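Undergrad: Can you look at this prediction? I've put the sequence above it.
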Amino acid sequence: MASSSSSPSSCSRIVAIPLTVEVAHPKLGIISPLLTNSRTKVGNQGTSTKTPNIVPCTNTYHLAPSGRAGRPVMSSSRNKPRETIPVDNGADGVEALELQVGVLERHPYSSQSFTPMGGDECVSYVVLVADSDQTGTRPDPSTVRAFTVLGTQGVCYDAGLWHAPMAVVGKTMDFAIFQFMNGVEEEDCEMVDLAEPLRILLSAEK
Ligand SMILES: NC(=O)N[C@@H](O)C(=O)O
């Protein structure tokens, strides 16, 4: 996993908002059976509804410098909660939580999807995404957007979208992760250490 540092702009808190299709970044997909469309079909003898192609499964390893092909990889992942800091959010005196994020990553040639296993309707993890800066090689911290995500929602980072490593809050979460990989470290994942951590404000509500 290749990493380098990036100097973000001055660091104020970023408020995380609930993830919905209306507010999601164009390259951030949501995986949920509640998101149906004209392609949704009834199946399994009428016991299921199935919606195909809900998020991209991008593989552009043919563009990778090594020329090594990407192959589909399905992983399981158990994630412990990240440390959060109780803070006064200054608005109505309600205690909130602050999550600090010091690293952003991207998968230049593959989408990456996280599908919870056994999640519930509580806020269960935090997703951060950012666009690249003008060089195209670093995240632009001024574009960071933060979302709280329910344990019943999965997410998909499309190829090249900068994002924080999985940040579970509350209780341990299990995910199935789907992506393409070719085994070349810097082509599978680029990681950037931020000069100062991003401070994400989470509501203390469940
Ligand atoms: N995206 C993220 O949380 N990390 C992944 O790159 C991984 O390999 O787990």
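TA: Nice, I can see it.
Undergrad: Could I get the contacting residues of residue 140?
TA: Residues near residue 140 by C-beta atoms under 8 Å, 6 or more residues apart in numbering: 130, 131, 132, 133, 134. C-betas here are computed from N, CA, C, even on glycine.
Undergrad: are any of the residues you listed buried, and which?
TA: 130, 131, 133 (16 or more other C-beta atoms under 10 Å).
Undergrad: can you pull the contacts of residue 148?
TA: Each residue near residue 148 by C-beta under 8 Å, 6+ apart is listed here: 16, 17, 18, 19, 123, 125, 126, 169, 202, 203.
Undergrad: Dump the residues you listed into CSV; add distance to residue 52, pLDDT and neighbour count as well.
TA: Below are the contacts of residue 148 laid out as CSV (distance: C-beta to C-beta, whole Å; pLDDT from 0 to 100; neighbours: other C-beta atoms under 10 Å):
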residue, distance to residue 52, pLDDT, neighbour count
16, 30, 96, 24
17, 28, 96, 12
18, 26, 97, 12
19, 22, 97, 24
123, 28, 92, 19
125, 25, 98, 26
126, 28, 98, 23
169, 31, 96, 21
202, 33, 94, 21
203, 34, 78, 16
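Undergrad: sorry, back to before: need the buried ones among the contacts of residue 140 in JSON lines (columns: pLDDT and secondary structure).
TA: Converted to JSON lines, these look like this (pLDDT from 0 to 100; DSSP: H, G, I helix; E, B strand; the rest coil):
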{"residue": "130", "pLDDT": "98", "secondary structure": "strand"}
{"residue": "131", "pLDDT": "98", "secondary structure": "coil"}
{"residue": "133", "pLDDT": "96", "secondary structure": "coil"}
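Undergrad: which parts of the protein sit against the ligand?
TA: Residues of the chain lying close to the ligand (C-beta under 6 Å from any ligand atom) are 77, 105, 112, 165, 166, 189.
Undergrad: Assign a three-state SS to the most centrally placed residue in the chain, would you?
TA: The residue lying closest to the centre of the chain (C-alpha atoms, centre = their mean) is residue 127, at 4.4 Å. Of the three states, residue 127 takes strand according to DSSP: H, G, I helix; E, B strand; the rest coil.
Undergrad: If the residue nearest to it when sequence neighbours are not counted is in a bridge, with which residues?
TA: The spatial neighbour of residue 127 that comes closest, neighbours along the chain excluded (C-beta to C-beta, 6 or more residues apart in numbering), is residue 147 at 4.7 Å. Here residue 147 shows beta-bridge partners residue 17, residue 127, assigned using DSSP bridges.
Undergrad: And residue 147, how far from the ligand?
TA: Distance, residue 147 to the ligand, using C-beta to the nearest ligand atom, to the nearest Å: 14 Å.
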